[in-house]
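Colleague: structure for this input, please:
(one chain, ligands or ions: 1)
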Amino acid sequence: MYKIASSVALGDLLAMTREVLYNTNVTKEEKVKEIIKRLRKVYPHPKTALNFSTPLDLLVATIMSAQTTDKLVNTLTPALFAKYKTAKDYADAPVEDITKLISKVNFANNKAKNIKAAAQIIVEKHEGKVPDNMEELDALPGVARKTANVVLGNAYHKAEGIVVDTHVMRLSQKLGLTDKKDPEKIEQDLMQIVPKEDWIDFAHMLILFGREYCPARPHKCDDCPLSDLCPDQKV
Ligand code: SF4
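Modeller: From the prediction side, this is the model:
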């Protein structure tokens with residue numbers, strides 16, 4: 001009994017020492033580079049879990065996905081995308097018709113109103129094309145920086161910011177990359193330390209990592225590829 005207890009305690013001590021040494025001797029930039037290097041091995045081709053063919057599809061799916069799982073959104077979008085192919089299709093549709101097709105997501109009626117209103121602006125101001133810049137996307141109803149970053153990164157391969165969803169927010173705090181609580185402030189902190197060429201993939205990888213290894217619910221850390229970089233590791 002005594003031997004087992006000692007060896008566990010020694011293991012804990014070594015892990016804690018390793019973690020303290022690592023976390024006090026590296027800058028946040030170095031730490032984030034190491035996180036990216038390791039996550040790239042686990043997720044060599046990270047991408048959004050939302051299914052889409054066009055920037056418009058992705059904009060609509062991302063508006064739908066707020067406080068809803070991507071999995072559920074993916075079950076609803078085939079019928080929606082088959083019925084509405086252009087911004088004008090959404091702009092001309094009665095809100096009730098859009099609501100009916102997305103009724104399983106949270107706040108379906110509000111989201112349907114935003115989809116229609118955004119489509120009307122896209123038709124009136126952008127010749128039917130989803131904008132490819134933060135300023136014009138951010139100005140659309142139902143679209144904040146997170147949604148704009150998803151569309152820019154995945155549909156246009158443009159990095160104007162970093163997607164900060166619940167996983168990115170929680171894991172950036174947990175891994176000691178930011179002490180902010182507000183998503184836009186977290187994004188600003190991350191943009192200072194994540195190399196720009198990694199902005200798009202970094203968010204995808206953290207989201208995949210959060211789902212697979214580090215969910216918000218209680219979990220074990222046994223197989224975590226970032227355990228020695230994490231001040232919150234449960235040994
Ligand atoms: S060590 Fe545990 S808490 Fe830390 S990132 Fe890994 S799974 Fe999450």
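
Colleague: which other helices and strands contact the one helix or strand residue 207 maps to?
Modeller: Using DSSP states H and E, residue 207 maps to helix 199-212. Counting contacts by 3 or more CB pairs under 8 Å, 6 or more residues apart in numbering; DSSP states H and E, helix 199-212 packs against helix 28-42, helix 145-155, helix 166-174. No exception for glycine: its C-beta is placed from N, CA and C like everyone else's.

Colleague: quick one, which of these is nearest to residue 188?
Modeller: With CB to CB as the measure, helix 145-155 is the member of those nearest residue 188 (10.4 Å).

Colleague: re the thing from before, what's in contact with the helix holding residue 207?
Modeller: With CB atoms under 8 Å, 6 or more residues apart in numbering as the test, helix 199-212 has contacts from 32, 36, 39-40, 42-43, 46-49, 149, 153-154, 157, 159, 161-165, 167-168, 170-172, 190-191, 194, 216, 226.

Colleague: just the buried members of those residues?
Modeller: Among those, those scoring as buried are 32, 36, 39, 43, 46, 48, 149, 153-154, 159, 161-165, 167-168, 170-172, 190, 194, 226 (criterion: 16 or more other CB atoms under 10 Å).

Colleague: and the chain, which residues reach the ligand?
Modeller: 174, 213-214, 221, 224, 226-227, 230, 232-234 (CB under 6 Å from any ligand atom).

Colleague: okay if I get those as CSV plus pLDDT?
Modeller: Converted to CSV, the residues of the chain next to the ligand look like this (pLDDT from 0 to 100):
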residue, pLDDT
174, 95
213, 96
214, 96
221, 93
224, 96
226, 96
227, 94
230, 93
232, 84
233, 78
234, 66
